[in-house]
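Trainee: Structure for the following, please:
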Amino acid sequence: MKHKYLASTAVIALVGFGTAAAAEITISGTARIGINTTEGAAAITGDTTYTMTLADASFIVAVDDNVNYGTRSVAGGSMVAFSVMANAATPTKTEVANVTALRARVAGLVTDGATSAIRSAAAIDLTSIDGVLARTNATVTTAVAKKADTTVGKNRVRISFAGSGTTDGGLTFGFSARADQSNTSNGGTQYISGAFGKISMGDLNGGDEQLVGNLSGVGSSGAGSHQEFGYQSSSHNIGYSVSMAGVSFAATTDLVRGADSTKTGSNSAMGVKWSGDMGGATLGLALGTSKIGTKTEDSFSVGIGMGGLSLMAVSHTNDNGPVTAKVIASTSIASGTTHVGAVAEKANSDTDTTGLSISYAMDAMSVTAYTRTESTSGKVDKDYSGVGFTYNLGGATVKAGFVDANDISIMDFGINFSF
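Mentor: The predicted structure is shown next:
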């Protein structure tokens, strides 16, 4: 429900576009009360595991066995005693620590070696050891304390303001803003539009998100909002959009406001969407793309509406950065000779996300279900699914939802108001 606050007699000067004949400001609001229950999770023990190539491990052993370095800890033994050479691809924490200790010993001999030959060999080996340590991959599992089940109250008030007007020349201008409970943000959007399209500034979603969209969610407060896709193009502040003959186009970017985290590379997004009627069904097809720094993201959606039934399918692909160049290993592992380890060509793992939602409205009641899967190369898939219902009481709506957020259960129930 919207309430109009009279501004029809306001005269607003718009330099270069004439004078506004009339303007209107509307105020509307929403509120909600409810509860959210989130399942706890078992504790995770922190740990660090390492991987190293066999050639690198063999080189470290060769350096350690160089009697001129004096690194043997005991007769017949060595400082870096890889327990079983065949398993050197997975060194222990102690073995990696001993490689670091070996490096310190060799570094000291670069200037304090007994002979110039030892000093020269130590300098070569020091560079090679640094390369080995840089290539030694450490996988850190962060310790997480046990989480108990939690039940919290969810409540919010949001007041929305919108203003619009038309110049004598036929241009439309306006703004939108909102005030949230306990929120001091003064964000909002402003626009001017005409036959040329619409230019917007302020707190904007990226052009791809504007047209491709998200799945339908469940619950009074969103139950974690796992139906949403993580568009990288959020927080843009200037955009252009235009629609004609069922085709819409949107493009956005971020003109720097203070610190800029994407000084190198692009910061842009765009989307295109076609909507039309096919055999009594409303069909929408949308494509989107964005590039933020060196990372690109492509998105696609299909939406179908027929009677009370609506379906939405969304797909995302993230290219998470440039390829790491391939390096061919040197054949030498002898102490005192340059050793270069192999580095395989590696593209930073792409992330593919797909999802589907379905909703059906029956008079005052509607039911919704969705599923979404995130797949990243080399990692376990993350799966999210939810189901919920709403019942419209007239000005107030009862909403309930249950979500399985990658094996964590969330229940969300409440009443939402509009005024």
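
Trainee: mind listing what Val144 touches?
Mentor: When contacts are counted by CB atoms under 8 Å, 6 or more residues apart in numbering, Val144 touches Ala41, Ala43, Ile44. C-betas here are computed from N, CA, C, even on glycine.

Trainee: let's see it at 6 Å
Mentor: Val144 sits next to Ile44 when contact means CB atoms under 6 Å, 6 or more residues apart in numbering.

Trainee: and if you look at Asn392?
Mentor: Ala364.

Trainee: again, but for the one 4 residues further on
Mentor: Contact partners of Ala396, counting by CB under 6 Å, 6+ apart, are Ile415, Phe417.

Trainee: again with Lys198
Mentor: Contacts of Lys198 by CB under 6 Å, 6+ apart are Tyr191, Ser241.

Trainee: Low-confidence stretches in the stretch 151-300 of the chain?
Mentor: 182-187, 256-265 (pLDDT under 70).

Trainee: Residue ranges of each domain in this protein, please.
Mentor: Listed by automatic domain parsing, the domain ranges of the chain are 2-41+147-418, 51-141.

Trainee: And the shortest one, end to end?
Mentor: What that stands for is domain 51-141. With CA to CA, to the nearest Å as the measure, domain 51-141 spans 14 Å from end to end.

Trainee: Skipping adjacent residues, who's closest to Thr337 in space?
Mentor: Closest residue in space to Thr337, ignoring its immediate chain neighbours: Ile124 at 6.7 Å, by CB to CB, 6 or more residues apart in numbering.

Trainee: Can you tell me the SS state at the one you found?
Mentor: Under the three-state scheme (DSSP: H, G, I helix; E, B strand; the rest coil), Ile124 adopts helix.

Trainee: Next: Asp56.
Mentor: Under three-state DSSP, Asp56 falls in the helix class.

Trainee: For the protein, which residue occupies the most central location?
Mentor: Gly230 (4.7 Å; CA atoms, centre = their mean).

Trainee: Could you verify that that one is part of a strand?
Mentor: No: under three-state DSSP, Gly230 sits outside any strand and is assigned coil.

Trainee: Could you pull out the helices in the stretch 1-150 of the chain for me?
Mentor: Using DSSP state H, counting those that start in this stretch, the helices of the stretch 1-150 of the chain run over residues 54-64, 93-112, 116-135.

Trainee: export those helices to TSV and tack on distance to Gly163, mean pLDDT and mean neighbour count?
Mentor: Output for those, formatted as TSV (distance: least, CB to CB, whole Å; pLDDT from 0 to 100; neighbours: other CB atoms under 10 Å):
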stretch	distance to Gly163	mean pLDDT	mean neighbour count
helix 54-64	65	83	22
helix 93-112	63	86	16
helix 116-135	57	89	17
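
Trainee: Make TSV out of those helices and add distance to Val247.
Mentor: Listed next are these as TSV, based on distance: least, CB to CB, whole Å:
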stretch	distance to Val247
helix 54-64	56
helix 93-112	58
helix 116-135	51
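
Trainee: Out of those helices, which gets nearest to Ile33?
Mentor: Of all the helices of the stretch 1-150 of the chain, it is helix 93-112 that lies closest to Ile33, at 51.3 Å by CB to CB.

Trainee: helices and strands around that closest one, which ones?
Mentor: helix 116-135 (3 or more CB pairs under 6 Å, 6 or more residues apart in numbering; DSSP states H and E).

Trainee: Now do the helix it packs on and helix 54-64, the angle between them.
Mentor: 150 degrees (axes from the mean of the first three to the mean of the last three CA atoms, to 10 degrees).

Trainee: what separates helix 116-135 from the chain centre, distance-wise?
Mentor: 40 Å (CA atoms, centre = their mean, to the nearest Å).

Trainee: Beta-bridge partners for Thr253, please?
Mentor: Bridge pairing for Thr253 (DSSP bridges) gives the partners Ile238, Ser268.
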